[in-house]
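Enquirer: pasting the structure only:
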């Protein structure tokens, strides 16, 4: 089994652009792999699973955002999450914070059929 390790030498900046609006785009990019490291296809399956289940249900269905997505940038070593027309900036940041725990739980509870939908 292969393990990916990424050590940040400097903290990533946290940035926000403030505009007078009722709705927002809330995004986060997370270093997940060493840039340029070969990335297994399972990373794409996990990314799609996050987008079509957890993020969609939590941000779109429950939270009222117009959309939610997850994408993988293997060359940069990043996975990113974005909600659009999102009325809940702080709640969405917490949703992103919860992703590692959600994936850990799903690894034990995900049914084969649900997994195959994301392949």
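Expert: Happy to help now that I have it. Being a predicted model, the structure only gives us computed values, none of them experimental.

Enquirer: so who does the most centrally placed residue in the chain touch?
Expert: Geometric centre of the chain, nearest residue: residue 81, 4.1 Å, by Cα atoms, centre = their mean. Counting by Cβ atoms under 8 Å, 6 or more residues apart in numbering, residue 81 touches 27, 28, 30, 50, 55, 68, 69, 70, 96, 99. Using the backbone N, CA and C atoms, a C-beta is placed for each residue, glycine as well.

Enquirer: what ranges do the helices span in the chain?
Expert: Assigned by DSSP state H, the helices in the chain fall at 41-49, 89-97, 99-109, 112-117.

Enquirer: Quick one, grab the pLDDT at residue 6.
Expert: With respect to pLDDT, residue 6 has a value of 38.

Enquirer: same check, this time on the one 3 residues further on
Expert: Per-residue confidence at residue 9 stands at 43 (pLDDT).

Enquirer: Adjust the sequence numbering to begin at 300 for everything that follows.
Expert: Okay, residue one is now 300; in that scheme the one you just asked about reads as residue 308.

Enquirer: Residue 316: which of the helices of the chain is closest?
Expert: helix 388-396 (11.6 Å; Cβ to Cβ).

Enquirer: I'd like to know which elements that closest one is packed against.
Expert: strand 323-330, strand 377-385 (3 or more Cβ pairs under 8 Å, 6 or more residues apart in numbering; DSSP states H and E).

Enquirer: Using ChimeraX, define a selection of the buried residues within the contacts of residue 380.
Expert: This is how ChimeraX selects the buried members of the contacts of residue 380, with burial counted by 16 or more other Cβ atoms under 10 Å:
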select :327,349,354,367,368,369,395,398
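
Enquirer: of all the contacts of residue 380, which comes closest to residue 405?
Expert: residue 349 (9.0 Å).
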